[in-house]
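Asks: Sequence below, structure please.
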Amino acid sequence: YTGALIFLVGVTHAGSSHLEHYILKLDTIYENSGLDEGVRHSQVLEQSPPGFAEQHVASLAFETRQDDCLAVFYSIAGSSLLQYHPLAYYQSQSQLETIFRSVNDYLLYEWNSGLTFEPAQHPQKLLETWSGYRITSSGRIAGFIEQVLKTEVDPPGFLITGQVFPNPLRFSRDAVIWGGARSIDTIVGFQHGDLNINNILVKVDDTETQLNGFYLIDFAFFQNQMPLLFDQRYLEMSYLIRELERAAFNRWVNFVCRFAKEDTPDPQTVPVEMAGVCAVINAGRHAFSHWLDSTHVSLVDDLWGQFWLAGAAAGLNFCNQGVLSNRERLAGLIYAEAHLKRYCTQFDVPLPVEVSALYDPGIPLDKIPGEKIDSQARPRLPGGKVTFLFSDITGSTKLWETYPKDMPAALQRHDAAVVQAVGENNGCIFKRVGDGIRAAFGSAFDALKAAAAGQRMLLEEAWKQTGTLQVRMALYTGEADQSDGDYFGPAVNR
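Replies: Okay, the predicted model is just below:
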């Protein structure tokens, strides 16, 4: 998830038969990391609460470098390393829930027990503080959006599965786009800076309900007096990146986009392959909520705001990582957008009107240059007996003649509603004809639910000059031939 590898190794010293066990981390030397691992590790030991440093910071035995490669050897005093594993090792949902819940408590109750407050921080400045060099106009994120995703870098917003999201890169760099957004009070303290699933070593007890040991490693990006909560969000994102291997990308996106509306979705309401993932993430978020309610109840609104902004920054950080695949970098960008939208919605920051298309579940991800994706992880058009959904705006020609300035925005809202309804009900859009959308479903019931959901969203939309758009939708089930991402045959021509 960062290109690093973790091993348990045995080491003998020259001229000695004595064998010692170490945790070996092999990594590339980070650009822009500043001080080396040894110096930052010493800073952590010196600045952290003594009890935390002794019990939860693994000892750095020694490190060695060759060219751009780094090997770091860690040890844990008084404990057998065979009992410890990186978080990435664990697969059991109950174990992962325990770990995520416990990590939040260790970071906030113990490591940052002496946190301080910074009043009146503008949200753009917070994103800029976390993201730093990554958000420059010549940076990797901008290059990825422009050169790989083939879309504009700086539109105020993006369309994802037909929904409007604020552009986190633009919002991180431009204070003006926030309008009159108010500043928030924030908490600051120690930040690990690279708290991914390889950089936490834990020992889970036999009941899988608590940790018998917890250690942090790899402090190459450690900083003090940083806005907090980035570490929790970075860890969450690294876990979600791992889960990309286990779910179709469109279902992963649908799940993450739920965070734009709710912090802890009901696992029973998300795609089945994401239900366990949802429960694990909820465990960490419930722990944060409990800490907040028990320690800073008067700051609940602002600190939830800091939590959402930290999610946007963490997603941008993953989008910046060139070692990740294009699919994983796109996932980081979508994660960032979902949490920035959550912030904007809760703090009354208007969502953008001017947007560019970023991700449509009807477009296979192998269309992204350089990306090769396992066929089982790629959204595919259903075969065999297919249910088609065709939509069309009634009287659109007259509407365009009467409201030429208003119809582009109205059509965008129409498309957003229909695409969202199709995506959330396991459908694939395979063609757009004029202002109409054509989608395919493997299940007639899914198609019916999509049509109902689309009509409901269209009725609930706050239409302006055009009035409520009247949209016809037709369903038909039959067999059709596929070719080059399209369908042919009598069933399609009905």
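
Asks: going forward, measure contacts between C-alpha atoms and count neighbours the same way
Replies: Will do.

Asks: give me the element Glu236 is part of.
Replies: Here Glu236 sits within helix 230-243, counting by DSSP states H and E.

Asks: From Ala283, how far off is Ser94?
Replies: Distance, Ser94 to Ala283, by CA to CA, to the nearest Å: 10 Å.

Asks: Neighbour count: the two, which is higher?
Replies: Neighbour totals were compared for Ser94 and Ala283, and Ala283 leads with 21 against 17 (other CA atoms under 10 Å).

Asks: Find the centremost residue of this protein, please.
Replies: Tyr335 (2.8 Å; CA atoms, centre = their mean).

Asks: Which residue is the nearest non-sequential neighbour of it?
Replies: Excluding the flanking residues, the one nearest Tyr335 by CA to CA, 6 or more residues apart in numbering is Gly315, at 5.4 Å.

Asks: for Leu211, same thing?
Replies: Leu211 sits nearest to Val204 (CA to CA, 6+ apart), 4.5 Å away.

Asks: Kindly report the same for Pro361.
Replies: Asn250 is the one closest to Pro361 (CA to CA, 6+ apart), at 5.6 Å.

Asks: Give me the neighbour count for that neighbour.
Replies: Neighbourhood size, Asn250 [other CA under 10 Å]: 25.

Asks: quick one: it is in a strand?
Replies: No. Per DSSP: H, G, I helix; E, B strand; the rest coil, Asn250 lies outside any strand segment and is helix.

Asks: so it sits right up against Asn425, yeah?
Replies: No. Taking contacts as CA atoms under 8 Å, Asn250 lies outside contact range of Asn425: 10.8 Å.

Asks: before we move on, the earlier item: look up the pLDDT of the residue nearest to Leu211 for me, please.
Replies: You'll see Val204 listed with a pLDDT of 87.

Asks: Thought Gln95 was touching it, still the case?
Replies: Yes. Judged on CA under 8 Å, Val204 makes contact with Gln95 at a distance of 7.0 Å.

Asks: pLDDT on stretch 157-166, on average?
Replies: Stretch 157-166 comes out at a mean pLDDT of 92.

Asks: Can you give me the end-to-end span of it?
Replies: This stretch, stretch 157-166, spans 4 Å end to end (CA to CA).

Asks: Please enumerate the helices of the stretch 101-250 of the chain.
Replies: With DSSP state H, counting those that start in this stretch as the criterion, the stretch 101-250 of the chain has helices at 123-131, 140-143, 168-173, 230-243, 249-257.

Asks: so the last one versus helix 230-243, what angle?
Replies: Looking back up the chat, that one is helix 249-257. Angle, helix 249-257 to helix 230-243, by axes from the mean of the first three to the mean of the last three CA atoms, to 10 degrees: 160 degrees.

Asks: Downstream of helix 249-257, the next helix or strand is which one?
Replies: The helix or strand immediately downstream of helix 249-257 is helix 275-295, counting by DSSP H and E.

Asks: which parts of whichever helix or strand comes after that next one are buried?
Replies: Counting by DSSP H and E, the element after helix 275-295 in chain order, helix or strand, is helix 300-319. For helix 300-319, a neighbour-count test (16 or more other CA atoms under 10 Å) marks 302-319 as buried.

Asks: Which SSE is immediately downstream of helix 300-319?
Replies: Scanning forward in sequence from helix 300-319 by DSSP H and E, the next helix or strand is helix 326-346.

Asks: who touches that following helix?
Replies: Residues from elsewhere that reach helix 326-346, judged by CA atoms under 8 Å, 6 or more residues apart in numbering: 148, 160, 165-168, 237, 241, 244, 253, 256-262, 305, 308-309, 311-321, 349-351, 365, 368, 370-371.

Asks: Report the contact partners of Gln465.
Replies: Counting by CA under 8 Å, 6+ apart, Gln465 has contacts 403, 406.

Asks: typo on my end, Cys319
Replies: Taking CA under 8 Å, 6+ apart as the contact definition, Cys319 lies against 141, 328-333.

Asks: Per-residue pLDDT of the closest residue to it other than its chain neighbours, please?
Replies: Spatial nearest neighbour of Cys319, chain neighbours left out: Arg329 (4.1 Å); criterion: CA to CA, 6+ apart. The per-residue pLDDT reported for Arg329 equals 95.

Asks: cool, Leu169 as well?
Replies: pLDDT for Leu169: 97.

Asks: Verify the stated contact: it with Tyr133.
Replies: No. Counting by CA under 8 Å, Leu169 sits too far from Tyr133 to count as a contact (11.7 Å).

Asks: Of those two, give the one with the bigger neighbour count.
Replies: More neighbours surround Leu169 than the other of Leu169 and Tyr133, with 29 against 14 (other CA under 10 Å).

Asks: so how far is Glu37 from the more buried one?
Replies: Distance, Leu169 to Glu37, by CA to CA: 29 Å.

Asks: Tally up the residues packed near Leu459, please.
Replies: Leu459: 14 neighbours (other CA under 10 Å).

Asks: Just give the nearest non-adjacent residue to it, would you?
Replies: In this structure, Leu459 finds its nearest non-sequential neighbour in Thr468, 7.0 Å apart by CA to CA, 6+ apart.

Asks: for Trp111, same thing?
Replies: Distance criterion CA to CA, 6+ apart; nearest residue to Trp111, sequence neighbours excluded, is Phe52 at 6.1 Å.

Asks: got the buried residues for stretch 64-75?
Replies: 70-75.

Asks: That stretch: how far from the chain's middle?
Replies: Centroid separation between stretch 64-75 and its chain, computed with CA atoms, centre = their mean, to the nearest Å, is 30 Å.

Asks: ok, back up a step: go through the helices of the stretch 101-250 of the chain and pick out the most buried.
Replies: helix 168-173 (a mean of 25; mean count of other CA atoms under 10 Å).

Asks: and that one, what does it pack onto?
Replies: helix 123-131, helix 300-319, helix 326-346 (3 or more CA pairs under 8 Å, 6 or more residues apart in numbering; DSSP states H and E).

Asks: Any idea how far it is from the middle of the chain?
Replies: Centroid separation between helix 168-173 and its chain, computed with CA atoms, centre = their mean, is 16 Å.

Asks: which element is Asp415 on?
Replies: Using DSSP H and E, Asp415 falls within helix 407-424.

Asks: and that helix, average pLDDT?
Replies: Helix 407-424 carries an average pLDDT of 83.

Asks: How about exporting the next helix or strand after it as PDB, limited to the C-alpha atoms?
Replies: Scanning forward in sequence from helix 407-424 by DSSP H and E, the next helix or strand is strand 428-433. Provided in PDB are the C-alpha atoms of strand 428-433 (Å, rounded to 0.1, in the frame of the first residue of the first chain):
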ATOM      1  CA  CYS A 428     -24.300  -0.300 -16.000                       C
ATOM      2  CA  ILE A 429     -24.800   2.600 -18.300                       C
ATOM      3  CA  PHE A 430     -23.700   1.600 -21.800                       C
ATOM      4  CA  LYS A 431     -24.900   4.500 -24.000                       C
ATOM      5  CA  ARG A 432     -26.200   8.000 -23.900                       C
ATOM      6  CA  VAL A 433     -28.500   9.200 -26.800                       C
END
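
Asks: Can you give the strand pairings for the very next helix or strand once past strand 428-433, parallel or anti for each?
Replies: Counting by DSSP H and E, the next helix or strand C-terminal to strand 428-433 is strand 436-441. Sheet partners assigned to strand 436-441 using DSSP bridges are listed as strand 385-393 (antiparallel), strand 428-433 (antiparallel).
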